[in-house]
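**Q** Coordinates only, no sequence provided:
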């Protein structure tokens, strides 16, 4: 328990560009990049078909990588009003594809992700990209920012989710003993 | 052409309550109620599983009724910020299920729907419910409001979409002649 790394598929949701990053690892051990991609859907297509294309792309990646967890950026309505609807809808597709496969979904806020990988919840995109590159020991920074954001989400979950899982296990063991 | 009625499945999207109404008809002919339901998902469940339950319920109804069109309420970010995310996510599920079946999706704004069934874009829910009951010749008003809103969307599409389709056909015919 805890020694086997988990595979996390991170999703930075979006209709025009949806970042998908797969990382394996566990707390206190080196992280490994498994896959990173940006799914794009044509802005001239109607939204239903764009969501369907996104669904197919996410379905393929989840089937391929069989992640233990899907980590999705938590979308807030307060954000940019123009883009928030597409982001919310893209995140719904990521969540439903994961749920269909019986894979747990965890949401992390942008500031939780930034804090996890850089130590500061107010870090900028460049800083996040730099830390993702360093933590995954890559020779160059994945592009565009949606790719590094998705990887940052996955890393954030390995660290935060890993800790939460150990706590849950410890509580379960303690509960079993009492 | 135009004499065969179309079957429209209307969706009033929501996570807690999602209205689904199926209507057949064509412009200038009586409308027929085929089905009406409200899909509910438990608020204590995580959002991914709620979206998955909604997906399964919509999948079952679309498979059963094989609508020609799925009409979904267009969600605006300006609305109630607390509920808009769930509404946007539920609408994404409705759209992707329809797209997966190759069924065209059309979005109508709340004021378009109100104007179509009551003559006024600012009609209240009670007025919409009353007109839906009358237009479908029902002995009592379907409850809750999500049910009548979904039926109003379907009716709106039969009338507006029907007109748009005849126009498109006329243009195609005229284009063919020239």
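**A** Sure, I can see it. Every value quoted in this text rests on a predicted model; they were computed, and no experiment measured them.
**Q** which residues of chain A score low on pLDDT?
**A** Low-confidence segments of chain A (pLDDT under 70): A:1-4, A:77-82, A:162-178.
**Q** Alongside chain B, which residues does it contribute?
**A** A:46-49, A:51-52, A:55, A:75-78, A:81-82, A:84-85, A:88-93, A:95-96, A:98-100, A:104-105, A:107 (C-beta under 8 Å from any C-beta of the partner chain). Any C-beta I mention is one placed from the backbone N, CA and C, and that applies to glycine too.
**Q** switch the cut-off to 6 Å
**A** Residues of chain A found near chain B (C-beta under 6 Å from any C-beta of the partner chain) are A:48-49, A:51-52, A:55, A:77, A:81, A:84-85, A:88-89, A:92-93, A:95-96, A:99-100, A:105.
**Q** now, which of those residues lie within strands?
**A** Among the residues of chain A next to chain B, the ones falling in strands (DSSP state E) are residue A:105.
**Q** which stretches of chain A form strands?
**A** Using DSSP E, strands in chain A cover A:6-12, A:17-25, A:32-40, A:69-73, A:105-108.
**Q** Check which helices and strands the first one sits against.
**A** It refers to strand A:6-12. The contact analysis (3 or more C-beta pairs under 6 Å, 6 or more residues apart in numbering or on different chains; DSSP states H and E) places strand A:6-12 against strand A:17-25, strand A:69-73, helix A:145-177.
**Q** residues of stretch A:93-109 that come out buried?
**A** A:93-100, A:103, A:105-108 (16 or more other C-beta atoms under 10 Å in any protein chain shown).
**Q** Quick one: end-to-end length of it, please.
**A** By C-alpha to C-alpha, to the nearest Å, the extent of stretch A:93-109 from end to end equals 18 Å.
**Q** What are the contacting residues of that stretch?
**A** Here stretch A:93-109 makes contact (C-beta atoms under 6 Å, 6 or more residues apart in numbering or on different chains) with A:11, A:13, A:51, A:54-55, A:58-59, A:62, A:69-72, A:74, A:156-157, A:161, B:48-49, B:51-52, B:55, B:92.
**Q** go with 8 Å
**A** The contact list for stretch A:93-109, computed with C-beta atoms under 8 Å, 6 or more residues apart in numbering or on different chains, reads A:9, A:11, A:13, A:18, A:51, A:54-55, A:58-59, A:62-63, A:67-74, A:76, A:116, A:153, A:156-157, A:160-161, B:46-49, B:51-52, B:55, B:89, B:92-93, B:96.
**Q** Buried ones among those?
**A** Looks like the contacts of stretch A:93-109 have A:9, A:11, A:13, A:18, A:51, A:54-55, A:58, A:62, A:67-74, A:116, A:153, A:156-157, A:160-161, B:47-49, B:51-52, B:55, B:89, B:92-93, B:96 buried, using 16+ other C-beta under 10 Å.
**Q** how about residue A:92, what does it touch?
**A** So residue A:92 contacts B:51, B:88-90, B:92-93 (C-beta under 8 Å, 6+ apart).
**Q** Actually, residue A:91.
**A** A:11, A:13, A:72-73, A:75, B:89.
**Q** again, 6 Å this time
**A** Shown in contact with residue A:91 (C-beta under 6 Å, 6+ apart): A:13, A:72, A:75.
**Q** The last one is in contact with residue A:90, isn't it?
**A** No. Between residue A:75 and residue A:90 there is no contact, the gap being 8.7 Å when judged by C-beta atoms under 6 Å.
**Q** Neighbour count: those two, which is higher?
**A** Ranked by neighbour count (other C-beta atoms under 10 Å in any protein chain shown), residue A:75 and residue A:90 place residue A:90 first, with 30 against 25.
**Q** what residues are up against that one?
**A** Contacts for residue A:90 (C-beta under 6 Å, 6+ apart) come out as A:13-15, A:18, A:54.
**Q** Name the nearest residue to it, ignoring sequence neighbours.
**A** residue A:13 (3.9 Å; C-beta to C-beta, 6 or more residues apart in numbering or on different chains).
**Q** from memory the one you found sits against residue A:87, does it?
**A** Yes. Judged on C-beta under 6 Å, residue A:13 makes contact with residue A:87 at a distance of 5.3 Å.
**Q** Run through who's touching stretch A:33-41.
**A** Residues outside stretch A:33-41 that contact it (C-beta under 6 Å, 6+ apart): A:15, A:17-22, A:24, A:50, A:53-54, A:57, A:136, A:142, A:146-147, A:151.
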